[in-house]
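Enquirer: Provided below for reference: sequence and predicted model.
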Amino acid sequence: MAMAAPVPLRRRWALAVAVTLLAVVATAVAQDYNDGGGDDEDDEKKKPQFKAQESCNGAFLSYTFMERTKEYPHLKNATAQPYAFKATATVLNTMTEDLKAWQMFVGFQHKEVLVSVGGAVLLDGSDLPANVSGGVTFAGYPMADLLNSIDTAGEASLIESKIEITGTQFGVKAPGKPMPKTIKLTNPAGFRCPAPTHKDSVMYVCCVKDKKFKAKKANSTRYVARQKGDLTFAYDVLQATANSYTAQVTIDNWSPISRLDNWNLTWEWKRGEFIYNMKGSYTLLKEGPACVYSPAAGYYKDMDFTPVYNCEKRPVIVDLPPEREKDKDVGNVPFCCKNGTLLPPTMDPSKSRAMFQLQVFKMPPDLNRTALYPPQNWKISGKLNPQYVCGQPIRVSPQEFPDPTGLLSSTPAVASWQVACNITRPKKRDSKCCVSFSAFYNDSVVPCNTCACGCGGDTATCDPDARAMLLPSEALLIPFGNRTAKARAWAKIKHWRVPNPPPCADNCGVSINWHVVNNYKSGWSVRMTIFNWQDYTFKDWFAAVTMGAHYSGYENVYSFNGTRMDGHFANTIFMQGVPGLTYLDPITDGNTPADPRVPGKQQSVISFKRKDAPDIDIPGGEGFPKRVYFDGEECALPDRIPKVSSAHRRAGAASLGQVLMAAALVIMTLALVDSSLRL
């Protein structure tokens, strides 16, 4: 077979040069039109959400599942197997206007537990690790606002936030991917989010402004309007230097039926800050000497940390007592020093606000006057109070303060934030007060539910899941832990089954008995008794009851001050002690050491008329409230109402005609007997 003639050397060189020139030209052409993006744009186009992102004019949200590994313990039950996972969520502003205080909801559904979150915080302020199996809302931090690309020349770091998520999920083994049910923007500013698109390990959606939504006019277009809440905090920076600032915190109670006693306020410093000094309040732990070993002491090497108030990441702040109100060192702040009492504005507006000031030192890299970040994850609690869920701080227009010299001018704060908190209903077995029901037509009391305020940690001799046993009325005066004998004896008299072990006590520090006293032609009445089982005196106490449709028949409260409420609390009666009886005394010892302790109590009769509620069925249970509150805490209600006993049912069923007929029969019988005797 003939061999091909070899290519001359000159022609081989020419071919190599031509191939090289073509490659250079192709590379130059590619570089001319890639906008400096290189391969990044090609990678971007490979993403399934790229086309949707390009066409979005709103807020573009995405959730990308990254990876997961099996955790210990390794189980055969696949649904119970834990996996560590990582995911990334993004919020991108594609509008022509700024996206203020963004909030993104991720509908987790695989019993997820979040261990760490970067680029955001949990809106409800939950501490990590946090169980988010029902979903969670993220709020931007430190970037709470996303600017628009027009004013930033498309700078990605200013128009987009990335949330790095690490956590644990259960039961979705490979190759399945533990994706959420949904993602959406939850900003209260009129956004509409359609159902998200789900492709493999990516979920995305474009949320657009609702054209029908009418936003309230704000004082300034630069800031979000102030929010409404049952309780609000204002965090106003009054003075600022390169490494420190002075802030004022104002607490306002807006709810007409909530209060706080001995409030404890906590928050979380996210950037290494510490409290140098305070006025109007103090921290429970004043750890100046311990601050010497903190990272702050490593930076402020020449500072004397002895007078420093607190270096904790989560300080606990409390109010000052009234006697320190005019103290020039720690007091002299308006609305301070009420021993942690916040009354509802319906009782005393001057006692519905608290205020204190603090000097905060910052850490690198925030060492300039404008690097100001409020603390996150605010929580407040008290002796007996509603359960609040607080959002994260939102930047609002600077608060204006009147000139201290008395002139008509005003001075704005350097920066202002607001935290809005709302009352939530207590979870089962997490109340602090409870209610028992009784009525004239039944001689048994329906007590508070088993473990209504928790089981107290002692379930060795009682059943936390058994239904509470009915009681005789005198048992209400015996402490809840000593009622078992009464309940057993009552069950024996009534021939009821006695559970073994018996149900646990309710463990409530405050209980309320609602007793239907009578039911007559023109109206009906109840007796409400409040029992205090604690070694604590409730000063300026109040209670509220929400009735059903028969609320319109409410006539009067006789031993308390009673007031009709309207608006959001329609059908509610607000009650408080009359002058001289505004204290609910604590529990006291009995007459002898063998006697049970005696609770502090107050009671009043409440009357209702039938004129405005003629069809109310008292024996049918319509004489009982739908909700009961004490000092702002919603109390646990019984799971049943007293039934009409057979004796009362027979007596109540007899009409006037039936009575007359029975009387006629008696007379006829006597006549027959008399005639027979004559014979």
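Expert: That came through fine. Note that the structure is a prediction, hence the values are computed from the model and not measured. Numbering: from 1, shown residues only.

Enquirer: the stretch 151-300 of the chain: helices as residue ranges?
Expert: 156-159, 295-299 (DSSP state H, counting those that start in this stretch).

Enquirer: now do the nearest residue to residue 609 once chain neighbours are set aside, the pLDDT please.
Expert: Closest residue to residue 609 apart from its sequence neighbours, by C-beta to C-beta, 6 or more residues apart in numbering: residue 523 at 4.4 Å. Glycine gets a C-beta too; all of them are placed from N, C-alpha and C. pLDDT recorded at residue 523 is 91.

Enquirer: got it, and residue 317?
Expert: For residue 317, pLDDT reads 97.

Enquirer: shouldn't it be in contact with residue 285?
Expert: No - using C-beta atoms under 8 Å, residue 317 is not in contact with residue 285; the gap is 10.4 Å.

Enquirer: who's more crowded, these two?
Expert: Neighbours were counted for residue 317 and for residue 285 using other C-beta atoms under 10 Å; residue 317 has more, 22 against 12.

Enquirer: how about the one helix or strand the more buried one maps to: buried residues?
Expert: If you go by DSSP states H and E, residue 317 is part of strand 316-319. By neighbour count, with 16 or more other C-beta atoms under 10 Å as the criterion, the buried positions of strand 316-319 are 317-319.

Enquirer: in JSON lines: those, plus distance to residue 365.
Expert: Shown next, in JSON lines, are the buried residues of strand 316-319 (distance: C-beta to C-beta, whole Å):
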{"residue": "317", "distance to residue 365": "26"}
{"residue": "318", "distance to residue 365": "32"}
{"residue": "319", "distance to residue 365": "34"}
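
Enquirer: quote the end-to-end distance of stretch 81-101.
Expert: Distance between the two ends of stretch 81-101: 37 Å, counting by C-alpha to C-alpha, to the nearest Å.

Enquirer: heads up, I number from 5, so please use that
Expert: With 5 as the first residue, the last one maps to stretch 85-105.

Enquirer: for it, what is the average pLDDT?
Expert: 94.

Enquirer: do the same with stretch 389-399
Expert: Per-residue pLDDT values across stretch 389-399 average out to 92.

Enquirer: same check, this time on stretch 161-170
Expert: On average, the pLDDT along stretch 161-170 is 96.

Enquirer: what does that stretch contact?
Expert: Under the criterion C-beta atoms under 8 Å, 6 or more residues apart in numbering, residues 88-98, 106, 108, 118-124, 142, 144, 147, 150-153, 156 lie in contact with stretch 161-170.

Enquirer: ok, what's across the strand from residue 173?
Expert: residue 87 (DSSP bridges).

Enquirer: that one: neighbour count?
Expert: Using other C-beta under 10 Å, residue 173 is surrounded by 23 other residues.

Enquirer: need the distance between the two termini of stretch 338-355.
Expert: Start-to-end, stretch 338-355 (C-alpha to C-alpha) is 11 Å.

Enquirer: same deal with stretch 392-400?
Expert: By C-alpha to C-alpha, the extent of stretch 392-400 from end to end equals 21 Å.

Enquirer: residue 525: neighbour count?
Expert: Using other C-beta under 10 Å, residue 525 has 6 neighbouring residues.

Enquirer: so it sits in a strand?
Expert: No - under DSSP: H, G, I helix; E, B strand; the rest coil, residue 525 falls outside any strand and is assigned coil.

Enquirer: ok, it to residue 118 distance?
Expert: 62 Å (C-beta to C-beta, to the nearest Å).

Enquirer: cool, and residue 321?
Expert: In terms of C-beta to C-beta, residue 321 sits 27 Å off from residue 118.

Enquirer: residue 611 reaches residue 523, doesn't it?
Expert: No - under the criterion of C-beta under 8 Å, residue 611 is not in contact with residue 523, lying 11.8 Å apart.

Enquirer: more crowded one of those two?
Expert: Neighbour totals were compared for residue 611 and residue 523, and residue 523 leads with 19 against 16 (other C-beta under 10 Å).

Enquirer: give the contact list for that one.
Expert: Residues in contact with residue 523 (C-beta under 8 Å, 6+ apart) are 444, 622-623, 627.

Enquirer: just residue 216 next, same as before
Expert: residue 194.

Enquirer: related to what we said a few turns ago, who does the strand holding residue 321 pair up with?
Expert: For strand 320-323, using DSSP bridges, the partner strands are strand 268-272 (antiparallel), strand 285-287 (antiparallel).

Enquirer: nearest to residue 76 among those would be which one?
Expert: strand 268-272 (29.5 Å; C-beta to C-beta).

Enquirer: now tell me what touches that closest one from outside.
Expert: By C-beta under 8 Å, 6+ apart, the residues outside strand 268-272 that reach it are 253, 255, 288, 317-322, 344, 379-386.

Enquirer: give me the element residue 69 is part of.
Expert: Counting by DSSP H and E, the element that carries residue 69 is strand 63-74.

Enquirer: measure how far that strand is from the centre of its chain, please.
Expert: Strand 63-74 has its C-alpha centroid displaced from the chain centroid by 27 Å (C-alpha atoms, centre = their mean, to the nearest Å).

Enquirer: next: stretch 188-198.
Expert: Chain-centre distance of stretch 188-198: 21 Å, with C-alpha atoms, centre = their mean.

Enquirer: any idea how far apart the tips of that stretch sit?
Expert: Start-to-end, stretch 188-198 (C-alpha to C-alpha) is 8 Å.

Enquirer: average model confidence for it?
Expert: For stretch 188-198, the mean per-residue pLDDT is 87.

Enquirer: repeat for stretch 481-491
Expert: Mean per-residue pLDDT for stretch 481-491: 91.

Enquirer: and the end-to-end length of that stretch?
Expert: Start and end residues of stretch 481-491 are separated by 13 Å (C-alpha to C-alpha).

Enquirer: please identify the buried residues of it?
Expert: For stretch 481-491, using 16+ other C-beta under 10 Å, the buried residues are 482, 484, 487-488, 490-491.

Enquirer: and for stretch 337-356?
Expert: Within stretch 337-356, the residues that qualify as buried are 337, 339-342, 344-351, 355-356, counting by 16+ other C-beta under 10 Å.

Enquirer: please apply the same query to stretch 198-215.
Expert: For stretch 198-215, by 16+ other C-beta under 10 Å, it's 200, 202, 206-213.

Enquirer: what residues does stretch 454-469 touch?
Expert: Under C-beta under 8 Å, 6+ apart, the answer for stretch 454-469 is 433-438, 470-472, 503, 505-513, 640.

Enquirer: buried ones among the residues you listed?
Expert: Here, 16+ other C-beta under 10 Å leaves 433, 435-438, 472, 506-513, 640 buried among these.

Enquirer: can you tell me which of the residues you listed are in strands?
Expert: 437-438 (DSSP state E).

Enquirer: quick check, nearest of the buried ones among the contacts of stretch 454-469 to residue 238?
Expert: Closest to residue 238 out of these is residue 436 (27.6 Å), distances taken as C-beta to C-beta.

Enquirer: that closest one against residue 511, yeah?
Expert: No - counting by C-beta under 8 Å, residue 436 stays clear of residue 511, with 10.0 Å between them.

Enquirer: correct me, but residue 642 touches residue 452?
Expert: Yes - with contact defined as C-beta under 8 Å, residue 642 and residue 452 form a contacting pair (6.8 Å).

Enquirer: pull up the overlap in contacts between these two.
Expert: Common neighbours of residue 642 and residue 452 (C-beta under 8 Å, 6+ apart) are 439-440, 472.
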